[in-house]
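Participant: Quick one, structure for this:
(2 chains)
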Protein chains: 2
Amino acid sequence: MEKLKEKIMKEGQVLSDDVLKVDTFLNHQLDPVLMSEIGKEFAKRFEGMGITKIVTIESSGIAPSVMAGLEMQVPVLFARKKKSLTLQDDLYTASVYSFTKQEKNQICIGRKFLNEQEKVLIIDDFLAKGQAALGLIELVKQSGAEIAGIGIVIEKEFQEGGEQLRKIGYRVESLARIKSLKDGMVTFKKEEEIIHEG
Amino acid sequence: MEKLKEKIMKEGQVLSDDVLKVDTFLNHQLDPVLMSEIGKEFAKRFEGMGITKIVTIESSGIAPSVMAGLEMQVPVLFARKKKSLTLQDDLYTASVYSFTKQEKNQICIGRKFLNEQEKVLIIDDFLAKGQAALGLIELVKQSGAEIAGIGIVIEKEFQEGGEQLRKIGYRVESLARIKSLKDGMVTFKKEEEIIHEG
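Facilitator: Here you go, the predicted model:
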């Protein structure tokens, strides 16, 4: 998605060989127009697959997911990282380690929101080592729902979460695929490399 | 906002005299079409005020805010409840007690995103005792930005946060104002009571 890549080139800050900061438009400040275009792009890529629900995780997955949900006219369910007093029903739970935040979180979803009738699109802002995506997959699997695919805004391909998920057989659509953040530079995967892969 | 009130009547669960659960459309599962209409309603109510930025708080404030931001064509900034490795710049911070979650959180915003040039609309999903709103007000004040108003999806009026904010002089626009949750019933404030108040 060219517009997203341009935004990353213009506003993304490479903090190390592993960390790209995109807090001006994706995970602290949000660019709603770009979020809307991202939602439309996810809708296009997963069109005609009979998706009935989007599943994401708080907080940075919410904006792209709600825009995709608007375009696809399906509800969005966001997994919570902690139980709250108003979310005390039967839950599906999984454990997720965040390398960025260096902490382990329980993530959970209310059982009543997912069942074997649903066809789910998982969406998240980043895909790095795949921890969050694997946690969401586990939650969806517990419910018996089908996973139609995984939509990612920015994939850091060199951290191999995407490779792992594609090997298992999931369709992963990433709107920007980053090959490397070495030497303070963002290098995207070329379109021909992505086509070749498919 | 009639459509929101109907949704609350249809899907909201009164858990106690204080707690209304709306996890089917607002704070666990999201109804993107309703969120979009909520965004448009906020845009209408705060039209012509020269708002340059929306400030909200993760997680449930994000969906209504990003929809309002899309309609108003302004960025959305969501306060975080904890510092992460990728958010380590100079921060504005405030302390917020959550009665629902029974815990105190530091909330923070990167300094570079707010300054005295900005005119801010604060948006949140719920207004009860006003703790989150007061925390957000404090963050915005630290930056020197002007607060144009406060947009709330559901106000629990009997918990008096709204009264307090209006007394200080803030314009608070709540799309559904609940007078009482007694006896397991949702009672909204009547339109004529709201007009009389103005």
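Participant: how deep is A:C108 tucked in, by neighbour count?
Facilitator: 22 (other CB atoms under 10 Å in any protein chain shown). Backbone N, C-alpha and C define where each C-beta goes, glycine included.
Participant: Assign a three-state SS to it, would you?
Facilitator: Per DSSP: H, G, I helix; E, B strand; the rest coil, the local secondary structure of A:C108 is strand.
Participant: surely it meets A:L91?
Facilitator: Yes: assessed by CB atoms under 8 Å, A:C108 is found in contact with A:L91 at 4.3 Å.
Participant: Please enumerate the helices of chain A.
Facilitator: With DSSP state H as the criterion, chain A has helices at A:2-11, A:32-45, A:62-72, A:131-143, A:161-168, A:191-197.
Participant: now the longest strand along chain A against helix A:32-45, angle please.
Facilitator: Longest strand of chain A, by residue count under DSSP state E: strand A:146-156. Between strand A:146-156 and helix A:32-45, the angle comes out at 130 degrees (axes from the mean of the first three to the mean of the last three CA atoms, to 10 degrees).
Participant: Who is the residue nearest to the spatial centre of chain A paired with across the strands?
Facilitator: When CA atoms, centre = their mean is applied to chain A, the residue found nearest the centroid is A:D124 (1.6 Å). On the basis of DSSP bridges, A:D124 is bridged to A:I152.
Participant: Could you do A:C108 as well?
Facilitator: On the basis of DSSP bridges, A:C108 is bridged to A:R80, A:T93.
Participant: Quick check: which ranges of chain A have low pLDDT?
Facilitator: Within chain A, the stretches with pLDDT under 70 are A:83-89, A:196, A:198.
Participant: for A:Q13, which residues make a bridge with it?
Facilitator: Beta-bridge partners, per DSSP bridges, of A:Q13: A:K21.
Participant: Over to A:K104?
Facilitator: A:Y97.
Participant: That one contacts A:K81, correct?
Facilitator: No: using CB under 8 Å, A:K104 is not in contact with A:K81; the gap is 10.2 Å.
Participant: who's more crowded, the two?
Facilitator: More crowded of A:K104 and A:K81, by other CB under 10 Å: A:K81, with 18 against 10.
Participant: Just read off the phi/psi values of the more buried one.
Facilitator: A:K81 has phi and psi values of phi -90, psi 0 when expressed as degrees, to the nearest 10.
Participant: List the residues that contact it.
Facilitator: By CB atoms under 8 Å, 6 or more residues apart in numbering or on different chains, A:K81 lies in contact with A:57-58, A:105-107.
Participant: closest to chain B among those?
Facilitator: Of all those, chain B sits closest to A:E58, with 3.8 Å by CB to the nearest CB.
Participant: Spatially nearest residue to the closest one, not counting backbone neighbours?
Facilitator: B:S59 (3.8 Å; CB to CB, 6 or more residues apart in numbering or on different chains).
Participant: ok, now which ones touch the one you found?
Facilitator: Contacts of B:S59 (CB under 8 Å, 6+ apart): A:58-59, A:62, A:78, A:80, B:27.
Participant: closest to A:E138 among those residues?
Facilitator: Taking CB to CB as the measure, A:R80 is the one of the contacts of B:S59 closest to A:E138, at 14.8 Å.
Participant: shouldn't A:K3 be in contact with A:E37?
Facilitator: Yes: with contacts counted by CB under 8 Å, A:K3 reaches A:E37, the gap being 6.2 Å.
Participant: Mind checking which of the two has more residues around it?
Facilitator: A:E37 (18 against 14).
Participant: Run through the residues that contact the more buried one.
Facilitator: If you count contacts by CB under 8 Å, 6+ apart, then A:E37 has A:1, A:3-4 around it.
Participant: now do 10 Å
Facilitator: By CB atoms under 10 Å, 6 or more residues apart in numbering or on different chains, the residues touching A:E37 are A:1, A:3-4, A:31, A:64, A:67, A:71, A:175.
Participant: again, but for A:K167
Facilitator: Applying CB under 10 Å, 6+ apart to A:K167 gives the contacts A:E160.
Participant: now A:K5: how far from B:T24?
Facilitator: Relative to B:T24, A:K5 is positioned 36 Å away (CB to CB, to the nearest Å).
Participant: out of these two, which sits in the busier spot?
Facilitator: Counted by other CB under 10 Å, A:K5 and B:T24 do not tie: B:T24 has more neighbours, with 20 against 17.
Participant: wait, the more buried one sits on A:V76?
Facilitator: No: with contact defined as CB atoms under 10 Å, B:T24 does not count as touching A:V76 (11.7 Å).
Participant: Between these two, which contacts overlap?
Facilitator: B:30-31.
Participant: any idea how far A:L175 lies from chain B?
Facilitator: 17 Å (CB to the nearest CB, to the nearest Å).
Participant: give me the number of residues near that residue?
Facilitator: Neighbour tally, A:L175, other CB under 10 Å: 20.
Participant: Stretch A:10-28: how far from the chain's middle?
Facilitator: The chain centre lies 16 Å from the centre of stretch A:10-28; the measure is CA atoms, centre = their mean, to the nearest Å.
Participant: Stretch A:115-129 too?
Facilitator: Stretch A:115-129 has its C-alpha centroid displaced from the chain centroid by 7 Å (CA atoms, centre = their mean).
Participant: And stretch A:171-178, by the same measure?
Facilitator: So, by CA atoms, centre = their mean, the centroid of stretch A:171-178 is 9 Å from its chain's centroid.
Participant: again, but for stretch A:14-30
Facilitator: 15 Å.
Participant: on that earlier part again, which residues are in contact with both of A:K3 and A:E37?
Facilitator: With CB under 10 Å, 6+ apart, A:K3 and A:E37 have common neighbours A:L175.
Participant: what's the overlap in contacts for A:K104 and A:K81?
Facilitator: Common contacts of A:K104 and A:K81 (CB under 10 Å, 6+ apart): A:96, A:98.
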